[in-house]
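**Q** Sequence and predicted structure below; questions after.
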Amino acid sequence: MRFARALLVSTAVAFGASVPAAEAEDIDLGQYQMTFEENFDDLDVSEWGPGTRWIAHTPWSGDFGDAKFVAPGDHFPFTVQDGILTITMKKGDDGRWRSGLLASVDRKGVGFSQQYGYFEMRAKFPAGEGVWPAFWLVGVERLADNPAGTAEIDVVEHYGRAPAEYSSSVHVWPIAEGVKKSSVTHKTPVPRGSLSDDFHRYGVLIEAEQMRFYLDGTEVWSHPTPEFHRQPMFILLNLGLGAGWPIENAPNPAEMKVDYVRAYARP
């Protein structure tokens, strides 16, 4: 998430080759049990916890992009109605952009995380230059006292400047000496504007040897699972801004709609 523009224009494969799905296959969730379900009938969120299902920041206190992720307030940046979460991003009278992020664990790692399994979000994204909605996973190692690095999987990042595609990525961000930075990004083409016109399902199946990425339940590409990613992962979703691209024409306000977030594991 932190260096999205560079990754979008140049993919550096450092831990095995990514492979587009040669023959598209649908995921069979009949083989799995649901382990996490958020249908947004209401929203259990606080700024930092403890004791809520979601917190409103990255657990390591790392903001990114050109919009500040703010604490939940009265009808901003989160609202729920008829089972749909709306994350609103807007520019205030002070000229500063503000938006929302949800994370499924708090700063102590308390909350939902899972090693392996299938993770999915159904959502509709805003249209317009500068918008940067995302659904992503981070390894719990990031929250250790002395983390080696950050294991990150970006299930979907949509850059509003490119309305006919979205990106998925696998990253290792080093923190300790001796950990090598590694990144690979895959772009999935879609009909122009479709991600903002309709809801779609974005998912990833993580197994010990392979990760498989899905759009609307159909596999679009796969990648070998790095050793650093063989750990429990927690969930984040947000409406960001910029990612290094111009924001002068960003829509104000912009809204990301989320129907549900779910996770599954093999029995």
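**A** All right, it came through fine. Since the model is a prediction, treat every value here as computed from it, not as a measurement. Residues are numbered from 1 along each chain as shown.
**Q** Which strands or helices does the longest strand along the chain pack on?
**A** Longest strand of the chain, by residue count under DSSP state E: strand 254-265. The helices and strands touching strand 254-265, judged by 3 or more CB pairs under 8 Å, 6 or more residues apart in numbering; DSSP states H and E, are strand 33-38, strand 84-91, strand 117-124, strand 131-139, strand 233-241. For the C-beta atoms, the positions are set from N, CA and C on the backbone; glycine is no exception.
**Q** rerun that using 7 Å as the cut-off
**A** Secondary structure elements in contact with strand 254-265, counted by 3 or more CB pairs under 7 Å, 6 or more residues apart in numbering; DSSP states H and E, are strand 33-38, strand 84-91, strand 117-124, strand 233-241.
**Q** so which of these is the most packed in?
**A** For those, the largest average neighbour count (mean count of other CB atoms under 10 Å) is found in strand 233-241, namely a mean of 26.
**Q** chain center to that strand, what's the gap?
**A** Taking the mean of its C-alpha atoms, strand 233-241 sits 4 Å from the chain's own mean (CA atoms, centre = their mean, to the nearest Å).
**Q** Residues in contact with it: which ones?
**A** 58, 64-67, 69, 87, 89, 97, 99-105, 111-114, 119, 121, 130-140, 153, 247, 250, 254, 256, 258, 261 (CB atoms under 7 Å, 6 or more residues apart in numbering).
**Q** So residue 149 versus residue 101, what's the distance?
**A** Distance, residue 149 to residue 101, using CB to CB, to the nearest Å: 21 Å.
**Q** Which residue of these two possesses the greater neighbour count?
**A** Neighbour totals were compared for residue 149 and residue 101, and residue 101 leads with 25 against 20 (other CB atoms under 10 Å).
**Q** returning to that earlier point: okay, now the sheet partners of the longest strand of the chain, with direction.
**A** For strand 254-265, the paired strands and their directions (DSSP bridges) are strand 33-38 (antiparallel), strand 84-91 (antiparallel), strand 117-124 (antiparallel).
**Q** which stretches of the stretch 1-150 of the chain have low pLDDT?
**A** Across the stretch 1-150 of the chain, the ranges flagged by pLDDT under 70 are 1-24.
**Q** Which stretches in it count as strands?
**A** Ranges of strands within the stretch 1-150 of the chain are 19-20, 33-38, 45-46, 54-55, 67-69, 78-81, 84-91, 97-99, 101-103, 113-114, 117-124, 131-139, 149-157, based on DSSP state E, counting those that start in this stretch.
**Q** same check, this time on the stretch 151-267 of the chain
**A** Applying DSSP E, counting those that start in this stretch to the stretch 151-267 of the chain gives strands spanning 165-174, 182-189, 200-206, 210-215, 218-224, 233-241, 254-265.
**Q** So which of these is the most surrounded?
**A** Among these, the stretch with the highest mean neighbour count (mean count of other CB under 10 Å) is strand 233-241, at a mean of 26.
**Q** residues in contact with residue 187?
**A** Contacts of residue 187 were listed using CB under 7 Å, 6+ apart, and they are 165, 167.
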